[in-house]
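Novice: Need coordinates for the following:
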Amino acid sequence: MPVILPYLICATLYAALAFYFWRRHWSGAETPDAEADSRRGIEHAALLAPFALHTWLLSVSMFGGTGMFLGVGNALSLILWLTVLIYGLGSLFYRLDGLHALVMPAAAVAVLLPLVFPSTQALANTETLAFKAHLLISMAAYSLFTIASLHVMLMAILEKRLHAGALPPALANMPPLLTMETLLFRIIAAGFVLLTLTIASGVLFSEELFGKPARFSHKTVFGVVSWLIFGALLGGRLIYGWRGRTAVRWTLAGFLALVLAYIGSKFVLEVILGR
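Specialist: Sure, this is the predicted structure:
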């Protein structure tokens, strides 16, 4: 079987689920009914097939050779894999039906990225416990902020549709905006804690993690900028009660800085400069 085939199958499964969720929850083709809860359980179970295949593909791509390969393609695929995992677990406790149609297309694209940007160089020092902990914490932080960004966009759409007076089933069944806002800031707070640990461990234990002392770089600058943005957002929420469009702007700005800090630097080094 060609190597590309399982990637295409996984992407197709994610895309098919995205189309289903859009038709089911967003297009208005179907209205909520008494079987909504049982159908939601079936939808959760349907996520297991592409997620399991995505898990296997990541393990082969990252650990198929000697050492760990985490280029830009694998990194993005891993972040979206964790996003699907965290989102799937969260949706068991919260009504997040509207996010299905946003998470699935992103996962469909991400699963193909290791083919587009293959990792050719193994990372150093990956055998140490400190590196593994640092990697897990940083990827979890990225995933939480990815969910927060999608969540805040969903809130913006919901607010706009509320003013227009026309809600598709996905939005009509969502929790109230204030409840979604509370969940958003919980996600951001958890991501902020993980981002703090990521930056602190990267600076304090750089020699052990990366085999070289910490140094000033654009990666560090954008990472700190992102940390400051999310910290200011949480402080503004606590002190001034920031919400609505302010939360949208600050969340997306922090996420953009975070993307530039890690994924942007990897893309420039690996794809543009070929290092």
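Novice: For the helix or strand containing Ala107, give the mean pLDDT please.
Specialist: Ala107 is part of helix 100-110 when elements are defined by DSSP states H and E. Computed over helix 100-110, the mean pLDDT rounds to 91.
Novice: Can you list the helices and strands that it packs against?
Specialist: If you count contacts as 3 or more Cβ pairs under 8 Å, 6 or more residues apart in numbering; DSSP states H and E, helix 100-110 packs onto helix 4-21, helix 72-90, helix 129-164. Every C-beta, even on glycine, is put in place using the N, C-alpha and C of the backbone.
Novice: Just after that helix, pick out the following helix or strand.
Specialist: For helix 100-110, the following helix or strand on the C-terminal side (DSSP H and E) is helix 113-116.
Novice: List of residues touching that following helix?
Specialist: If you take Cβ atoms under 8 Å, 6 or more residues apart in numbering as the criterion, helix 113-116 is touched by Ile4, Tyr7, Leu57, Leu58, Ser61, Gly71, Val72, Gly73, Asn74, Leu76, Ser77.
Novice: next one: stretch 131-140
Specialist: Residues from elsewhere that reach stretch 131-140 (Cβ under 8 Å, 6+ apart): 70, 75, 78-79, 82, 86, 123, 125-126, 194, 197-198, 201-202, 205, 208-209, 262.
Novice: Buried among these? Make that a ChimeraX selection.
Specialist: Entered in ChimeraX, the line below selects the buried ones among the contacts of stretch 131-140, by 16 or more other Cβ atoms under 10 Å:
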select :70,75,78,79,82,86,125,126,194,197,198,201,202,205,209,262
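Novice: quick one: which of the contacts of stretch 131-140 sit in helices?
Specialist: Ala75, Leu78, Ile79, Leu82, Ile86, Leu194, Leu197, Thr198, Ser201, Gly202, Glu208, Leu209 (DSSP state H).
Novice: measure the fifth one to Ser217 for me?
Specialist: From Ile86 across to Ser217, the span is 28 Å (Cβ to Cβ, to the nearest Å).
Novice: on that earlier part again, most packed of the helices and strands packed on helix 100-110?
Specialist: Of all the helices and strands packed on helix 100-110, helix 72-90 has the most neighbours on average by mean count of other Cβ atoms under 10 Å, namely a mean of 21.
Novice: tell me the angle that helix makes with helix 129-164.
Specialist: Relative orientation of helix 72-90 and helix 129-164, computed by axes from the mean of the first three to the mean of the last three Cα atoms, to 10 degrees: 60 degrees.
Novice: I'd like the mean pLDDT over helix 72-90, please.
Specialist: On average, the pLDDT along helix 72-90 is 90.
Novice: what packs against it?
Specialist: helix 48-63, helix 100-110, helix 113-116, helix 129-164, helix 265-267.
Novice: buried set for the first one?
Specialist: It refers to helix 48-63. Buried residues in helix 48-63, counting neighbours by 16+ other Cβ under 10 Å, are found at Pro50, Phe51, Leu53, His54, Leu57, Leu58, Ser61, Met62.
Novice: That helix vs helix 100-110, what angle?
Specialist: With the same axes, to 10 degrees applied, the angle from helix 48-63 to helix 100-110 works out at 30 degrees.
Novice: so how far is helix 48-63 off the chain centroid?
Specialist: In this view, helix 48-63 has its centroid 16 Å away from the chain centroid, taken as Cα atoms, centre = their mean, to the nearest Å.
Novice: and that helix with helix 4-21, angle?
Specialist: 140 degrees.
Novice: i'd like the first residue to be 43 from this point on
Specialist: Renumbered: residue one is now 43, and that last one reads helix 90-105.
Novice: Report all helices and strands that helix 90-105 contacts.
Specialist: If you count contacts as 3+ Cβ pairs under 8 Å, 6+ apart, helix 90-105 packs onto helix 46-63, helix 114-132, helix 155-158.
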